[in-house]
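J.: Pasting the sequence and the predicted coordinates here, then a few questions.
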Amino acid sequence: MKKIAIIGAGQSGLQLGISLLDKHCEVTIVSNRSGDEILHGRVMSSQSMYDMALTFEREAGISFWDESCPPTEGVHFRIGNSDGMMIDWRARMHAPGQSVDQRIKMPRWMDEFEKRGGKLIIADADIAMLEQLANDHDLVVVSTGKGEIGQLFERDEEKSQFNTPMRTISLSYVNGMLPREDYSALNISVNPGIGEFVNFPCLTINGPADIINLESVPGGPMDIWDTVSTPAEHLALAVKFIREYFPWEAWRCENLSLTDDLGTLWGRVPPTVRKPIGTLPSGKTVLGMADVLVLNDPVTGQGSNNASKCSVIYRDAILDCMTEGDGRFDDSWKQATFDRYWDYAEWVVKFTNTHLLPPPESVLMVMGACQQIPALATTIANSFDDPKSLAPWYYEAAAAEQVIASYSTQTTSQSTAEA
Ligand SMILES: Cc1cc2nc3c(=O)[nH]c(=O)nc-3n(C[C@H](O)[C@H](O)[C@H](O)COP(=O)(O)OP(=O)(O)OC[C@H]3O[C@@H](n4cnc5c(N)ncnc54)[C@H](O)[C@@H]3O)c2cc1C
């Protein structure tokens, strides 16, 4: 029996903890908030998740909302401003996505973790507690998201592209948003130099709803969320910005109300990559996981997906070490485990960071071609499930041109065959 301690009861920590319980592991999770505090607290994320990450939850037997959560069936991507639309394409995804409010999900998973035999401690873990846990356990994993204690892990300058947040983010959980006329979708609209409108359906504490995430370019006209002091002002500002900067979405937003007074959030996320091993004053080491090590801006909605995928990679590495390795979770194992995750996550970072800057020629070519080539649009829609699938051609003009040409040929031969 291995003793594993996990700090942080979020997407990655709970998923890892639950999935290790029936695998000869004794698992302790430390959470700085109880399930009740999370349920009655503020929204934390928009947590849109796609097929691969959701499949991992299903395999762990913890996908409790497949029936009740409204699906996100496709992607609708637009670039436009008050002068008109420059890019406009849509495509269905190969399988629906889902956004279950973490206020519902995490308390339910905490219960499940305890029901399956895990030990849950409610405490704000500090360095002294990490030392204690490192003494008593074979492995300590730190999955505290954006929490302070993540500073224990050194920023990786080479892998971190930005030194500062690239957007001010504002979330509104709303009722009353009119449904799209075709299928439900991850709606992304970019207004160059101003920011992005991102919207999709969700399941929140009082039933199905919609989430609107307005991402504001720092210093731009939408970057005034610090002037808001009440939930009503927050919603009014969101609607005003939609009318002004994303008018093609305004017809859906005429009668919005907040799902609850804690259904708003604004803030800034500095995209950062950190080194995976944290060293405690005693010299003992701990392993970081998910957002602690690879923190992305939410513009492409990848963090919860990453957290799910990271937890599966870590679970497999732990089990491999126990069955095929020497059973010691030493520093070379810790580094190798993160490297397995980074092999995937680096492409998520590239995908997300690329969409925080003016798009390179390759991306503009691909997005433009999606308007004429439905199969290419489908590929891009599915890439939200697996951004690595675009590597590396999406980022290189010559390679992107070749891929577009290959899709065009397929489309032409298909139409010829159909004729
Ligand atoms: C505005 C916004 C919108 C987002 N939208 C999306 C989206 O649409 N799709 C998507 O995939 N991702 C999205 N994300 C990102 C996603 O929410 C995170 O990437 C994901 O939750 C990270 O999982 P995690 O396990 O690393 O950390 P978290 O889920 O953040 O969990 C960390 C937990 O650790 C706890 N904790 C912190 N410090 C301590 C401590 N010292 N001791 C004990 N416990 C501690 C915290 O309270 C928390 O419960 C969004 C994020 C934001 C901010």
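T.: Nice, I can see it.

J.: from memory Val75 sits against Phe384, does it?
T.: Yes - counting by CB atoms under 8 Å, Val75 does reach Phe384; the two are 6.3 Å apart. The way it works is simple: take the backbone N, C-alpha and C, and place the C-beta from them, glycine included.

J.: Pull up the residues of the stretch 101-250 of the chain that are close to the ligand.
T.: Residues of the stretch 101-250 of the chain lying near the ligand by CB under 6 Å from any ligand atom: Asp124, Ala125, Ser143, Thr144, Gly145, Gly147, Ile149, Ile169, Leu171, Asn213.

J.: let's go with 5 Å and repeat that
T.: Asp124, Ala125, Ser143, Thr144, Gly145, Gly147, Ile149, Ile169, Leu171 (CB under 5 Å from any ligand atom).

J.: Of those, just the buried ones, ChimeraX syntax please.
T.: Applying 16 or more other CB atoms under 10 Å to those leaves a buried subset, and the ChimeraX line that selects it is:
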select :125,143,144,145,147,149,169,171
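
J.: would you turn the residues of the stretch 101-250 of the chain next to the ligand into TSV with pLDDT and secondary structure?
T.: Listed next are these as TSV, based on pLDDT from 0 to 100; DSSP: H, G, I helix; E, B strand; the rest coil:
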residue	pLDDT	secondary structure
Asp124	98	coil
Ala125	98	coil
Ser143	98	coil
Thr144	98	coil
Gly145	97	coil
Gly147	93	coil
Ile149	96	helix
Ile169	98	strand
Leu171	98	strand
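
J.: just the residues of the stretch 101-250 of the chain next to the ligand now: which is nearest Leu293?
T.: Ser143 (9.4 Å; CB to CB).

J.: Relative to Ser383, how far out is the closest one?
T.: The span separating Ser143 from Ser383 equals 26 Å under the rule CB to CB, to the nearest Å.

J.: is the longest strand anywhere in the chain anywhere near the ligand?
T.: Secondary structure of the chain read by DSSP state E shows that its longest strand is strand 84-97. No - on the criterion CB under 5 Å from any ligand atom, strand 84-97 is out of touch with the ligand, staying 9.0 Å away.

J.: Same check on stretch 304-313?
T.: Yes - under the criterion of CB under 5 Å from any ligand atom, the ligand is reached by stretch 304-313 at Ser304, Asn305, Ala307.

J.: so of the residues you listed, which ones are in helices?
T.: Filtering those for membership in helices, criterion DSSP state H, returns Ser304, Asn305, Ala307.

J.: residues near the last one, how many?
T.: It stands for Ala307. 26 (other CB atoms under 10 Å).

J.: in terms of contact, does it touch Val292 like I think?
T.: No - checked against CB under 8 Å, the pair Ala307 and Val292 is beyond contact range at 10.0 Å.

J.: Need the residues touching each of the two.
T.: Ser143 (CB atoms under 8 Å, 6 or more residues apart in numbering).

J.: residue ranges of the strands in the stretch 51-200 of the chain, please?
T.: Along the stretch 51-200 of the chain, the stretches classed as strands by DSSP state E, counting those that start in this stretch are 72-81, 84-97, 119-122, 139-142, 168-175, 185-191, 195-204.

J.: in the second one, what counts as buried?
T.: The reference is to strand 84-97. Neighbour counts over strand 84-97 (16+ other CB under 10 Å) mark Ile87, Asp88, Trp89, Arg90, Ala91, Arg92, Met93, Pro96, Gly97 as buried.
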